[in-house]
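S.K.: model this:
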Amino acid sequence: MSRFKVGVIGAGGIVARLHLPDLARNDNFEVTLVSGRKKHRLEHLCSAFDIPRYATDYEAVVADDSIDGIIIGTPHPLHVPWGLKALAAGKHVLMQKPLTGDMEEANAFVEAVEATDRTALCMPHYGNDVYTLRKVCKSGAIGRISGARFRTSHGGPEIYYAEIRDIFGEKDDDLWFFDAKRASVGALFDMGVYSVSQCVGILGTMMNVTAVVTTFDKPTELEDNATLVMETAEGGVVSCETSWCDPARTGEYSIHGTAGKLTKPGRDGAAVTMWTPTSYTRESAPLKLTPVELNEGVGGLHQHWLDCIREGKQPPLENAWTARHITEIMLAGLEAGRTGRRIELATTAESPV
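M.R.: Modelled structure (predicted):
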């Protein structure tokens, strides 16, 4: 079978650290063209990953008839415009997170996906834990889900970009994440997208959002600290936390049900642990701790994209509909943080999430 030819729009850190290294390890792919604003970055990527061509014009990637699929790795305000152009040109699309910070763009992207036979995978990519725990929760193994807490946070874009400067041999900072005019949204869309995505991936549709959103420490008008509280379709109450003010880094969650709970990280080295009571009438009775075998999943990010393309389908979870719902949740979180109101979501329990 011939190799799947990939073009890349955007020559930033995520492309250099995630996409190109993973594609280089997979013999099913051939990256033939990478585009970006900075020539020295393009030259570095072409040399490091044996890419034959580069362009400083994104249109060159969209217009290349030899390319099968396009990875959109631009800053997020440019994701949907170039994703729409790629789909219109008949390309399969892999969209870097977050999809967008604009609800009209999210709706337009869903409409474009529904009007094409091209596959669009929208990051974040779900690991085996999300696929497995989605099944575990649906099975009733920990009863009805009454609550959950998800948190993803780190020390901020300036720490991330220090490593990107090292990769490209740069001295200057281009911290567009802090610029409200260029980024439009802050930590909630940058890091909170992971906690919200995990929450939706495991628990499904959210019905409403309340939030506290602040600018706590960073030199920006945008949010650098946020906690969303949401209601699930079944009436459970869940929270999603994020921050750019957590240099010790956090990636964890717990899911609580009427018959037990799940925690990640797990206990005693387990990736995930299920906790169940040995008695439902004696509070002092010990809990039973069981490591959860993460035996569901779809493999790595790029291979999953290609598998869906070859099967002629959209990804089961990392799809445009889920990305739209995640966008809706985060925008509602910003509105709730500004107004102090609970925001009802348009997505219904019957929506394809």
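S.K.: Cys308 contacts Leu301, doesn't it?
M.R.: No - taking CB atoms under 8 Å as the definition, Cys308 is not a contact partner of Leu301, at 11.3 Å. Just so you know, the C-beta spots here come from the backbone N, C-alpha and C atoms, and that holds for glycine as well.
S.K.: which residues in the stretch 201-350 of the chain form helices?
M.R.: 301-311, 320-339 (DSSP state H, counting those that start in this stretch).
S.K.: I'd like those as TSV, with mean pLDDT, distance to Lys85 and mean neighbour count appended.
M.R.: Output for these, formatted as TSV (pLDDT from 0 to 100; distance: least, CB to CB, whole Å; neighbours: other CB atoms under 10 Å):
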stretch	mean pLDDT	distance to Lys85	mean neighbour count
helix 301-311	98	18	19
helix 320-339	97	15	23
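S.K.: any idea how far Leu188 lies from Asp57?
M.R.: Applying CB to CB, to the nearest Å, the value for Leu188 to Asp57 is 32 Å.
S.K.: any residues in contact with both of Cys308 and Leu301?
M.R.: Leu121 (CB atoms under 8 Å, 6 or more residues apart in numbering).
S.K.: can you list the helices of the stretch 201-350 of the chain in CSV and add distance to Gly266?
M.R.: As requested, these are exported to CSV (distance: least, CB to CB, whole Å):
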stretch, distance to Gly266
helix 301-311, 23
helix 320-339, 25
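S.K.: okay, now the unreliable bits of this structure?
M.R.: 1, 173-174, 348-353 (pLDDT under 70).
S.K.: quick check, central residue of the chain?
M.R.: The chain has Pro124 as the residue nearest its centroid, 2.4 Å off, counting by CA atoms, centre = their mean.
S.K.: you'd agree that one is up against Pro315?
M.R.: No - counting by CB under 8 Å, Pro124 stays clear of Pro315, with 11.6 Å between them.
S.K.: look up how far Leu99 lies from the residue lying closest to Phe29 once chain neighbours are set aside.
M.R.: Leaving aside its sequence neighbours, Phe29 sits nearest to Leu23 (CB to CB, 6 or more residues apart in numbering; 4.6 Å). Distance, Leu23 to Leu99, by CB to CB: 21 Å.
S.K.: buried residues in the helix or strand where Leu133 lies, which are they?
M.R.: For Leu133, the host element (DSSP states H and E) is helix 128-139. Applying a neighbour-count criterion of 16 or more other CB atoms under 10 Å, one finds Asn128, Asp129, Val130, Tyr131, Thr132, Leu133, Arg134, Val136, Cys137 buried in helix 128-139.
S.K.: how about the third one: what's its closest non-neighbour residue?
M.R.: Excluding its sequence neighbours, the residue lying closest to Val130 (CB to CB, 6+ apart) is Gly201, at 4.3 Å.
S.K.: you'd agree that neighbour is up against Gly127?
M.R.: No - applying CB under 8 Å, one finds Gly201 not in contact with Gly127, separated by 9.5 Å.
S.K.: which one's more surrounded, those two?
M.R.: Using other CB atoms under 10 Å, the more surrounded residue of Gly201 and Gly127 is Gly201, with 21 against 18.
S.K.: next, the contact list for the more buried one, please.
M.R.: Tyr126, Val130, Tyr131, Arg134, Leu317, Thr322.
S.K.: over to Ala60?
M.R.: So Ala60 contacts Leu33, Ser35 (CB under 8 Å, 6+ apart).
S.K.: which stretch of helix or strand covers it?
M.R.: helix 59-62.
S.K.: just the CA trace of that helix, in CSV.
M.R.: Taking Å, rounded to 0.1, in the frame of the first residue of the first chain, the C-alpha atoms of helix 59-62 are listed here in CSV:
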residue,chain,number,x,y,z
GLU,A,59,-2.0,28.1,0.4
ALA,A,60,0.8,26.0,-1.2
VAL,A,61,-0.2,23.0,1.0
VAL,A,62,-3.9,23.3,0.3
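S.K.: which positions in it come out as buried?
M.R.: Quick answer for helix 59-62 (16+ other CB under 10 Å): Ala60, Val61, Val62.
S.K.: stretch 240-247 now?
M.R.: Cys240, Glu241, Thr242, Ser243, Trp244, Cys245, Asp246.
S.K.: what's the local residue count around the closest residue to the third one other than its chain neighbours?
M.R.: Leaving aside its chain neighbours, Thr242 sits nearest to Gly192 (3.4 Å; criterion: CB to CB, 6+ apart). By the measure other CB under 10 Å, the count of residues near Gly192 is 32.
S.K.: and Gly192, how close does it get to Gly201?
M.R.: In terms of CB to CB, Gly192 sits 14 Å off from Gly201.
S.K.: no further questions, thank you.
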